[in-house]
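*Asks:* Here is the input, now give the coordinates:
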Amino acid sequence: MKKLFTILVLALFVSASMPTVVMANAKKGQKIFKKKFRKKCGFSGVRFARNHTQAEWEDIWDDGKFKQEAKKICPRLNVKKIRKSWWKHVYDFSYKYASDGVVPKC
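*Replies:* As a prediction, the model looks like this:
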């Protein structure tokens with residue numbers, strides 16, 4: 001009984017912390033976009049993200065073509081200056097604010 005209770009509490013803790021982890025990545029992606037992409041693109045991150053639906057962003061990411069798509073949307077962007085570890089966060093941001101995703105608060 002004690003083991004079952006422990007597993008239940010652990011599952012509750014993990015499920016409660018999941019949305020926080022996802023939000024942190026999208027938020028970090030938004031910060032990266034503001035610092036590294038915005039000037040080169042000439043438009044906001046939400047406008048960047050709204051180029052595709054969530055399913056399209058997911059397919060682009062799964063196919064390993066996210067960098068190429070970012071370069072296509074922002075031709076002046078130097079993708080070599082973006083750290084490899086940052087791309088996942090920018091993807092999370094793009095997925096969250098996709099054309100069928102969350103509407104940003106203004």
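*Asks:* Now do the contacts for residue 30.
*Replies:* Residue 30 is in contact with 45, 93, counting by Cβ atoms under 8 Å, 6 or more residues apart in numbering. (Glycine included, C-beta is placed from N, CA and C.)
*Asks:* What of the one 10 residues further on?
*Replies:* When contacts are counted by Cβ under 8 Å, 6+ apart, residue 40 touches 74, 76-78.
*Asks:* if you set the cut-off to 6 Å instead, what comes out?
*Replies:* Listed by Cβ atoms under 6 Å, 6 or more residues apart in numbering, the contact set of residue 40 reads 74, 76-77.
*Asks:* now residue 32
*Replies:* Listed by Cβ under 6 Å, 6+ apart, the contact set of residue 32 reads 86, 89-90.
*Asks:* If we use 8 Å, what do you get?
*Replies:* With Cβ under 8 Å, 6+ apart, residue 32 has these contacts: 82, 86, 89-90, 93.
*Asks:* So what does residue 98 look like in phi/psi?
*Replies:* phi -60, psi 170 (degrees, to the nearest 10).
*Asks:* count of neighbours near the spatially closest residue to it that is not a sequence neighbour?
*Replies:* Nearest residue to residue 98 in three dimensions, chain neighbours excluded: residue 54, at 4.4 Å (Cβ to Cβ, 6 or more residues apart in numbering). By other Cβ atoms under 10 Å, 17 other residues sit near residue 54.
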